[in-house]
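>>> I'll drop the sequence and a predicted model, then ask my questions.
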Amino acid sequence: MTTSTAVSAGRVEETASAKINLALHVTGRREDGYHLLDTLVTFAEDGDELSFEAAAADSLAISGRFGPLLSGNNAGEADNLIIRARDLLRATLDDTGQYHGPVAITLEKNLPVASGIGGGSADAAATLRGLMRLWGSELPSATLMHIALKLGADVPMCLSSVPLRARGIGEELQPVDLPGYPMVLLNPLKPVSTPEIFRRLDKRDNAAIDGLPAEADETAWLAAMRGLRNDLQGPAAALEPEIAEACDLLRQSEAEVFRMSGSGATCFGLYKTEAAALKAALALSAFRPNWYVLLTRSVAGA
Ligand SMILES: C[C@@](CO)(OP(=O)(O)O)[C@H](O)COP(=O)(O)OP(=O)(O)OC[C@H]1O[C@@H](n2ccc(N)nc2=O)[C@H](O)[C@@H]1O
Ligand SMILES: Nc1ncnc2c1ncn2[C@@H]1O[C@H](COP(=O)(O)OP(=O)(O)O)[C@@H](O)[C@H]1O
């Protein structure tokens, strides 16, 4: 039911930025089996592109390099996180008597799917942001965070898409003063199962992240990040050896910091200069033409 008539904008656009776990420490386990994390996260300047336009009826049109992977039984319209985000937001707006008319949504799926960079979570967060702009909605930030967490552990952090440290399973967020860096993402395009990676951990009470710089000093942050780790990288590389190869290629490309993101298989490299990142991306694309290589930049903290 739509209970008011105001539409604040005809068409709005949102970028769903790739999420990068620069470090991910598994520090414990909840009673429901979910693992407690301490993770340093940043976002790429690039990602999926979404648009939202008032229409006569609801629709979702998907295009882009990885669009064909989202169809049928794998996140087709009914299961797509975009649709789940739209419907959950609508239910809350309905309860508070706010407008939520029909909407035509487009998704340009540029990010590889199930690849440790949270494309689905970023799409869900972009949908919440985009529809609130389109519909002129007003919700307390706690309500929005509650909706986001229902959609997935990574969705709250994707709402702001700024560098942050996340704890719990992703609900305790603390922005950090991390500078932006030229960045290359590299993925062998081999799927890895997130639950399987968590199941294969042999240690679940690892040390938390320690000693992050308080200021945006590029060199101090690079040194701090070199001392961190991704506890999911060992199990993921054991399942998919090309992950180890991807990290090794990034090391050879003279990345200042290189590591796997999330539960894989995407790996990232951070560089001191745009020229170094460009050289790395060109060499990696030539050496592994069938892999996913993205030359981008990580966003800077506030
Ligand atoms: C590992 C991370 C790090 O940012 O990113 P991705 O690799 O997905 O990008 C996330 O914590 C992914 O969280 P989320 O998006 O909820 O993962 P899902 O794919 O829904 O979780 C699949 C399954 O993985 C296990 N799981 C997930 C998260 C967590 N903190 N502990 C777990 O044990 C659970 O068995 C869960 O049912
Ligand atoms: N819009 C979407 N984009 C990507 N995956 C989606 C989407 N909606 C639902 N999914 C489902 O979510 C799962 C995890 O996708 P994704 O967020 O890309 O993983 P990851 O966080 O590992 O990068 C996919 O296997 C897919 O079935």
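Noted; the coordinates are in hand. Residues are numbered from 1 along each chain as shown. Ligands and ions are numbered 1, 2, ... in the order given.
>>> use CA for all of it now, contacts and neighbours both
Noted.
>>> Pull up the residues of the stretch 1-150 of the chain that are close to ligand 2.
On the criterion C-alpha under 6 Å from any ligand atom, ligand 2 has as its neighbours in the stretch 1-150 of the chain the residues 74-75, 79-82, 113-121, 123.
>>> buried stuff in stretch 84-96?
84-86, 88-90, 92-93 (16 or more other C-alpha atoms under 10 Å).
>>> likewise stretch 94-114?
98-101, 103-114.
>>> What is the most widely separated pair among the residues you listed?
98 and 112 (34.9 Å; C-alpha to C-alpha).
>>> Contacts for stretch 29-43, please.
Contacting residues not belonging to stretch 29-43 are listed as 17-28, 161-170, 198, 204-205, 208-209, 298-299 [C-alpha atoms under 8 Å, 6 or more residues apart in numbering].
>>> Using PyMOL, make a named selection holding only the buried ones among these.
Restricted to buried positions by 16+ other C-alpha under 10 Å, the PyMOL selection for the contacts of stretch 29-43 reads:
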select buried, resi 17+18+19+20+21+22+23+24+25+26+27+28+161+162+163+164+165+166+167+168+169+170+198+204+209+298+299
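>>> what subset of the contacts of stretch 29-43 is also close to ligand 1?
169, 198.
>>> Would you mind pulling up the elements that the helix or strand encompassing residue 224 packs against?
Per DSSP states H and E: residue 224 is located in helix 218-226. Judged by 3 or more C-alpha pairs under 8 Å, 6 or more residues apart in numbering; DSSP states H and E, the packing partners of helix 218-226 are strand 257-260.
>>> List only buried entries from the residues of the stretch 1-150 of the chain next to ligand 2.
For these, buried by 16+ other C-alpha under 10 Å: 80-82, 113-121, 123.
>>> Of the residues you listed, which is the nearest to residue 188?
Residue 188 lies nearest to residue 115 out of these, by C-alpha to C-alpha, at 9.7 Å.
>>> that's a helix at residue 37, yeah?
No. If the criterion is DSSP: H, G, I helix; E, B strand; the rest coil, then residue 37 is strand and not within a helix.
>>> So the residue nearest to it when sequence neighbours are not counted versus residue 41, what's the distance?
If the residues on either side of it in the chain are set aside, residue 37 comes closest to residue 26, at 4.7 Å by C-alpha to C-alpha, 6 or more residues apart in numbering. Remark: distance between residue 26 and residue 41 (C-alpha to C-alpha, to the nearest Å) = 14 Å.
>>> Next to ligand 1, which bits of the stretch 201-302 of the chain? Give me the list.
Residues of the stretch 201-302 of the chain lying near ligand 1 (C-alpha under 6 Å from any ligand atom): 262-264.
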